[in-house]
Structures are given as structure tokens and as C-alpha cells.
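# Requesting a structural model of the entry that follows:
(one chain, ligands or ions: 1)
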Amino acid sequence: MQETPFKVVVDHFIQMEDTTKRTELTSILAHLFNSVKPSEIDKVIYLTQGKIYPDYIGVELGVAEKTIIRALSKYSGLSEEKIEDEYKKLGDLGDVAKNVVQNKKQMTFFAQQLTINRVYGVLEKIAKTSGKGSQDMKLAYFMSLLNDAEPDEAKYLVKIVLGTLRLGVADYTVLDALALAYAGSKDWREILEKAYNLSGDLGLVASTLALKGIDEVKKIGIKVGRPIRPMLAERVPTAKEALEYMKNGCIAEYKYDGERVQVHKSGNTVVLYSRRLENITMHYPDIIELALKNIKANEAIVEGEAVAVDPDTGEFYPFQELMHRRRKYGIEEAMKMYPVTLFLFDIMYADGSQLVDLPLTERRKILWDTVKKDERVQFATHIESTDPKEIENFMDQAITDGCEGLVLKDPASIYRAGARGFSWIKLKRDYQGELADTLDLVVVGAFYGRGRRAGTYGTLLAAVYDKDSDSFYTVTKIGAGFTDEDLKNFPKLLEPYKIPHRHARVISKMDADVWFEPRIVIEVQAQEITLSPIHTAAFGLIKEGAGLALRFPRFTGKIRDDKGPEDATTVTELIEMYRNQKKKALTNGTNP
Ligand code: ATP
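I've put the predicted structure just below:
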């Protein structure tokens, strides 16, 4: 059978970039899936998300801008300076490539049409080339595609290799589109999501569906080396309310303020994944050693929180300090300055047995038997209790010990990968005069500043996430809490996500000066949640003609690198926070 031309993919990319409607985005994607061969579908999914493998593989294309500039110069005969000038003018190397190819194409005739398989194969070669002289090799590979590319193909090839493709197609959008494209019964969407939750690989789920059918998708399970999407906690304001959900007793554990780490061990190999399923092995060479030494099983997947501990005092460092580990260079130094202790709280797999469907009490027993405890590898501090007073006291102790609060867990609950539910409930400290919890908001736009902030952004437009519509709804403009350093850094941080119009998954009544692809998540503290006619979060759900907004929002200084946009605070959580605040105000005798 003939291979599908790459042009088919590119034509759909153009449509996706043009749309401002989420439903349209899904149906264009479904149409794309129907237009390619089953054996090509995984490749198409990765390419649509601007990658060639699922994130957890941790392989990047690693092509420098300079390499593309050289390639375009070689291809066109124009000088590199001329290409750079064009780049400055157009602001996007993809657009430069499109023009350059357009101008030359009128003179050449012998191009061989690019196919999805050929493009993907060359991209794989580019990704696998590393070390000295690799940019030259990458350039040569890239040129081989460029020579046969049509103008629009060139544009998207450049965007893919530079990592600047901004279609904003999230995992849920892909799952929706798959269900739509292969339209089986209603429960297919759920089956697909479950397989994705356990395997962390959309390409695998899609190709299994396309090539072998839904019954095989049902069989996709846990495998060491493939990250499992994490189970998440709901939140409630008080221990008493939390206990109402705990019908089978309650295990209260410290909620450590570090980075969640999923440890995969197989023989002598250890791989670590973050909360967003990125491969973070290189950030924690010390955890590798600890895992090899302390995990007794040959094959296991365990989960815990890595916390930076002051080597002099044994006290916990705050989360920000741990983020020093998230850099490419100087890991050795960071490791010495911020040594971590791993506090384990779950186990999902051990020597051939999938453990996620066992009750928590059994999983913990297996965890304790499988892992040897020492100073740097510990089990989360816990009590078993259904007495609210006792839990409140334990909470005070957790906070004094440098934790964020507690996670209460139902002892009978299974590990529900990728789900946020009431089997785990987090309790956090109640700040006086402020909301009990911070919010994690997605930056979707910005407004230019004046005065001291002239030339940079004055305020950011931030949004909450809604899972049902897979969209982002604005909840606040935020300008407070930024240090001078932040003001300098934010434009740089956001630059790669700039897009020419509001993103199709962003619902806003405001017209920002600059729009971004929803990507960067920041932590925000606010004094209160109020009704607002201009913000779209929970619009019409509490009151007709009004949404919810934040009063006195302030950036806490935390950029949540460990969260993806779909992990941000949701509309449902926002409504819950609004209701809790109202309840509290009533008991205090004040008006919200
Ligand atoms: P937050 O922003 O409050 O950290 P989150 O959205 O990252 O929340 P939640 O599921 O809401 O994640 O809260 C649980 C998080 O708390 C986990 O992702 C994990 O990183 C952390 N954590 C710390 N200690 C524990 C523990 N004992 N059990 C489970 N999770 C824990």
C-alpha cells in the first residue's frame, strides 16, 4: 500500500492553527487520523505534539536555530546574514523557510514527495545524532528533507525540529479525537484513557487501537520503564469534612513539599519520572544510587516525594530550592548543596505483579517489604486515625516539621492512575486573611506595562482548566508579587509560547495585548474569590452573567515546572474554594 504523503499532515496543521474553536480542533484531528494509515498513526500523534517519542523517552531533536539558518542559507544560496535579517523581520524561522522554498521551487522540478514515514525516519536520525560535530550531521539530515519539501512542509519541518510547533493539542484532545475517528461504543473514550493512564504513551494506545482493535487496548498494562500517570488528591478545608469521605478508616500521611518522583527499577537500571511523566533521571543521580541500594525487588515501580534537606540541620528546604536540581549543568554542585531524602508512599509494581488494583493497606505492606529503609530513603510519616482532633494535631506537627499539610487516604482504595478523587484528600494550612490554598494558574496572555514596567509585561492574564471542555477559562489579571528579576525573566520564559491570536482552547472576554499557548503554570495566592462579569471561569454557574475572579492575586514566586497546563487548578476546584470561603464567612459572621 502507498505511504501517506507528509502534505496530508501539514494541510491539517494549517487548519488546526487557524481554528479558534476546541470542537473544531478535535474534529480536524480526528479527520487527520482517518486520513492516514493505521501504521502511521502513532507517528502522526507524536508529530502533532511537536515530538517524535512520548516525553518519557526523554529524547530531543536538539537542533540549534543556527543550524537551521545555515541550512536555509545553503539551500537558497542567500547569505546567513540575509536569512537572519528575514528572521528578524518575520519573527519565525518557519515562515522564513516557507518563503525561501517558495522562491526556489519556481525554478526546480525534481522533488520527490515527502511521506510521513520518511520525515519521521529522518527526524529519528536527527534526534539520535549527538556529540561532537552532531550539528553538521543534523544539518545534512535536515537538508535531505528540505530539498524535497513544499513551502508549507518546510515551514512545519522547521517548527518541529526547533520545538516551536504550537498547535496546543493536549492529551485529552488526542483521546477525544481518537474516540471520534474510530467511533465505537460510548465507553471507548474511557478505555482509551485508562490505557493511557497506565502506559503514559498516546502513540502506543492509538496504534494498538488502529492496528489491533479495542480489545487489545484493554490489555495495555503497566511496564517498568513506562511511566504511570499519577493518582491525585482532592481537597477539602477541614479534617472533619475529609473524614466524611473516609468510610473505611483513614491513613493520614505527611504532605511533603518536594518533587513527586516515580522510581522505575529493573536490574541495574533506574529511571525516574516527574509528576508530568518527564524523564528526570539526570536531575537525581543520588536517587538512582539510593534506589539500587534500597529496593530489594529486581523489578519495581515505587512512588514518593523527593525533598531537599539541609545537610547541616536536617531541616527541609522549601520547594524552590529543590528546583535548582532542574537544570542541565551543575547537577553535582546542586546535589551537594541540596541533598534529597526520598519519602516513599506507594508501590505500583513488583517483580511481575501489577499492584494498582490492590487496596492501599496491602500495597503499603508490599512497599515496606520491598524497600529497605535508611536515613535517606524513608516511608511517609503517618498515623491511622478517624478522630478529627488527633488528625488536626498531626497536621500541626507536619507543618512544624516543614511539610505542607497532610494527605488523608482511604485504606481500602486502589491506585487510580491519572484520576483525582476523594480516596486521597489533601489538607493544607489555613492562612489567615487569605484563601486556604494557593491556585496553580495557566498564563494565557499578557498586557504591556507602563512606568517602571514599560517595555515588559505589566500584568499576566491567567486561567483555570476545565476538563470536560478541555479548555482554559480566565480568572484573573495578575501584576503583584513579581520581583525585578521575575519581570526580566517572564518575557523570556513566555516568548516561545507566543501565538498571533487567542488560543482555540482559551475562553476569554478580555483582549490581551499578547496571547500565549497555554503552557506555563504559576502559583498564585489570593485573598478572596469574588464574582466578576469579565472573567469566564465558572461563568453563569454560580450567578447568571458572572464568572469567578480573584481578589488581590499575588504571584508566590513559584513557577510550577512540575505541572502541565492540564494539571492547573480546575473550574470545579475553584467553585469548591468559593463555596468553602462562603461557608467559613458565614460561621465567622462576616459577609463574603
Ligand atoms: P499540590 O499543588 O498541592 O502539590 P498537586 O496538584 O501537585 O497538588 P495533588 O494530587 O493535588 O497534587 O496533591 C498531592 C501531591 O502531594 C502529590 O502530587 C505529591 O507530589 C505530594 N505529596 C506529598 N506527600 C504525599 C503523600 N504522602 N502522599 C501523596 N502525595 C504526596
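
# Would you mind measuring from K89 to the ligand?
42 Å (C-beta to the nearest ligand atom, to the nearest Å). Bear in mind the C-beta positions are built from the backbone N, C-alpha and C, glycine included.

# And for that residue, the neighbour number?
9 (other C-beta atoms under 10 Å).

# In terms of secondary structure, what does the host helix or strand of it contact?
K89 belongs to helix 80-90 when assigned by DSSP states H and E. Packed against helix 80-90 by the contact rule (3 or more C-beta pairs under 8 Å, 6 or more residues apart in numbering; DSSP states H and E) you find helix 65-76, helix 93-105.

# How about residues contacting that helix?
Residues outside helix 80-90 that contact it (C-beta atoms under 8 Å, 6 or more residues apart in numbering): I69, R70, L72, S73, S76, L93, V96, N99, V100.

# on that earlier part again, and the helices and strands packed on helix 80-90, which one averages the lowest pLDDT?
Least confident of these, judged by mean pLDDT, is helix 93-105 with a mean of 92.

# List the buried residues in that one.
Of all the residues in helix 93-105, those buried under the rule 16 or more other C-beta atoms under 10 Å are L93, G94, D95, V96, A97, K98, N99, V100, V101, K104.

# For the helix or strand following that helix, give the mean pLDDT please.
Following helix 93-105 in sequence order, the next helix or strand is helix 116-128 (DSSP H and E). For helix 116-128, mean pLDDT rounds to 97.

# if I read this right, K426 contacts L406, doesn't it?
Yes - the pair K426 and L406 qualifies as a contact (C-beta atoms under 8 Å) at a distance of 7.2 Å.

# domain assignment for this structure?
As assigned by automatic domain parsing, the chain contains the domains 50-162, 232-428, 439-587.

# could I get the helices and strands packed on helix 80-90 as CSV with distance to L541?
Listed next are the helices and strands packed on helix 80-90 as CSV, based on distance: least, C-beta to C-beta, whole Å:
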stretch, distance to L541
helix 65-76, 45
helix 93-105, 40
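
# burial count for whichever residue of the stretch 51-200 of the chain sits closest to the ligand?
Here the residue of the stretch 51-200 of the chain nearest the ligand is N197; by C-beta to the nearest ligand atom that distance is 14.1 Å. A count of nearby residues for N197, using other C-beta under 10 Å, gives 19.

# can you check V270 too?
V270: 20 neighbours (other C-beta under 10 Å).

# List phi and psi for the nearest residue to E523 once chain neighbours are set aside.
Among residues not flanking E523 along the chain, K558 sits closest, at 3.9 Å (C-beta to C-beta, 6 or more residues apart in numbering). K558 adopts backbone torsions of phi -100, psi 120, taken as degrees, to the nearest 10.

# ok so, going back, kindly reformat the domains of the chain as TSV containing distance to G221.
Converted to TSV, the domains of the chain look like this (distance: least, C-beta to C-beta, whole Å):
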stretch	distance to G221
domain 50-162	16
domain 232-428	6
domain 439-587	23
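
# one step back: tell me, what's touching K426 and L406 both at once?
Shared contacts of K426 and L406 (C-beta under 8 Å, 6+ apart): K255.

# Any stretches of the stretch 1-150 of the chain with poor pLDDT?
For the stretch 1-150 of the chain, the stretches with pLDDT under 70 are 1, 105-110.

# Wait, a helix at T361?
Yes - assessed by DSSP: H, G, I helix; E, B strand; the rest coil, T361 belongs to a helix.

# Hmm, it is touching P411, no?
Yes - using C-beta under 8 Å, T361 is in contact with P411, at 4.6 Å.

# so what does the helix or strand of the chain with the lowest mean pLDDT touch, helix or strand wise?
Sorting the helices and strands of the chain by mean pLDDT, DSSP states H and E puts helix 319-322 at the bottom, at a mean of 75. Judged by 3+ C-beta pairs under 8 Å, 6+ apart, helix 319-322 is in contact with strand 299-308, strand 554-559.

# List the buried residues for that helix?
Buried, per 16+ other C-beta under 10 Å, within helix 319-322: F319, E321, L322.

# can you check stretch 256-267 too?
Counting neighbours by 16+ other C-beta under 10 Å, stretch 256-267 gives Y256, D257, G258, E259, R260, V261, Q262, V263, H264, K265 as buried.

# How about stretch 356-373?
Buried residues in stretch 356-373 (16+ other C-beta under 10 Å): V356, L358, L360, T361, R363, R364, I366, L367, T370, V371.

# Can I get the residues you listed in a markdown table including distance to the ligand and pLDDT?
Formatted as a markdown table, the buried residues of stretch 356-373 follow (distance: C-beta to the nearest ligand atom, whole Å; pLDDT from 0 to 100):
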| residue | distance to the ligand | pLDDT |
| --- | --- | --- |
| V356 | 15 | 96 |
| L358 | 17 | 97 |
| L360 | 10 | 98 |
| T361 | 15 | 98 |
| R363 | 12 | 98 |
| R364 | 11 | 98 |
| I366 | 16 | 98 |
| L367 | 12 | 98 |
| T370 | 17 | 98 |
| V371 | 15 | 98 |
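
# Among these, which lie within helices?
L360, T361, R363, R364, I366, L367, T370 (DSSP state H).

# hmm, back to that, what is in contact with T361 and P411 at once?
Contacts common to T361 and P411, judged by C-beta under 8 Å, 6+ apart, are I251.

# just to revisit the earlier point, please report how far the residue nearest to the residue of the stretch 51-200 of the chain closest to the ligand when sequence neighbours are not counted lies from K88.
Spatial nearest neighbour of N197, excluding adjacent residues (C-beta to C-beta, 6+ apart): G418 at 3.4 Å. Remark: distance between G418 and K88 (C-beta to C-beta, to the nearest Å) = 43 Å.
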